[in-house]
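Novice: Sequence plus predicted model, see below.
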Amino acid sequence: MRKTAIVTGASSGIGAATAKRLAAEGFNVVLAARRRDRLDALAKEIAESVPGAGRVAPVTLDVTSQESVDALAAAVDACHVLVNNAGGAIGLESVATADLADWQAMYDTNVLGLVRVTKAILPKLIESGAGHVVNITSLAAHVPYEGGGGYNAAKHAAYAVNDVMRLELVAEPVRITEVAPGLVKTEEFSLVRFRGDEERAAKPYEGVPEPLVAEDVADCVAWAVTRPPHVNIDRIDVQPRVQAAPYKLHRE
């Protein structure tokens, strides 16, 4: 019997790459995100390009809406893997010049969204007898950097929730894994952070010979969820070779 994986934030970047990789690993995949047109296109792509792909179900999801999350839970009969990927960064202002609306938006998606979806899906994960929650955080969850205050705070909170879940669910048949990527070049992360300013969005990657790509993170997720059920990969920190910290990059 095929297992089912739910991937939030599946419309682009790490979420889309993870959905494709899990389909290739033999999972039925639920694609969950706000942009239904992208989900439909991704579902079609997986069906046409992944040999032997199982069921791929697009579900419109806003992780900041309880009603939307409840609808996701009602639409899914079973779940073995939940990948909490929805989130992102907004702005690079200092604490002194912070826009608190941006901080609130980052907390709502990166933290409360993660908790809201996990809470709704957790009974199905326990019922599966071999559930797994994978939380995509960031290197920013563990290493602060100038201009990162709001994103550092939100991802650090997500990391804290991840570790609390690990403690609280230790007696349940549910594994908990955090994947904390460093610099990943995707089509939207930096563009969203810099509010559509393409020139500013390109700067973090300038001169970096080989940043991570979404498929590198998807590879980590796939590896973690395909270990034997008694093996819990607690945390994966993954950076490009040329990155040693958020503020330490080799550029050519």
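Specialist: Received it, and whenever you're ready, just let me know what you need. Residues are numbered from 1 along each chain as shown.
Novice: looking at this, D237 is in a strand?
Specialist: Yes. Counting by DSSP: H, G, I helix; E, B strand; the rest coil, D237 falls inside a strand.
Novice: Report the central residue of the chain.
Specialist: Most central in the chain under C-alpha atoms, centre = their mean is N85, positioned 1.8 Å from the mean C-alpha point.
Novice: got the contact list for that residue?
Specialist: Taking C-beta atoms under 8 Å, 6 or more residues apart in numbering, we find N85 in contact with V7, T8, G9, A10, I14, G15, T18, I136. Backbone N, C-alpha and C define where each C-beta goes, glycine included.
Novice: Tell me, how many residues neighbour E199?
Specialist: E199 has 7 neighbours, counted by other C-beta atoms under 10 Å.
Novice: Need the three-state assignment for it.
Specialist: Of the three states, E199 takes helix under three-state DSSP.
Novice: For the helix or strand of the chain with the lowest mean pLDDT, which helices and strands make contact with it?
Specialist: Every helix and strand of the chain was ranked by mean pLDDT, DSSP states H and E. The lowest is helix 189-193, at a mean of 82. Secondary-structure packing of helix 189-193 (3 or more C-beta pairs under 8 Å, 6 or more residues apart in numbering; DSSP states H and E): helix 198-202.
Novice: Pairing partners for the helix or strand just after the helix it packs on, with directions?
Specialist: Downstream of helix 198-202, the next assigned helix or strand under DSSP states H and E is strand 212-213. Sheet pairing here is set by DSSP bridges, and for strand 212-213 it gives strand 184-185 (parallel).
Novice: quick one, phi psi at V7?
Specialist: Note on V7: backbone dihedrals following degrees, to the nearest 10 are phi -120, psi 120.
Novice: typo on my end, it should be T177
Specialist: The phi/psi pair for T177 (degrees, to the nearest 10) is phi -130, psi 140.
Novice: and it, how far is that from V221?
Specialist: Separation of T177 from V221 (C-beta to C-beta, to the nearest Å) stands at 8 Å.
Novice: For these two, indicate the residue with more neighbours.
Specialist: Taking other C-beta under 10 Å, T177 and V221 do not tie; V221 has more neighbours (28 against 24).
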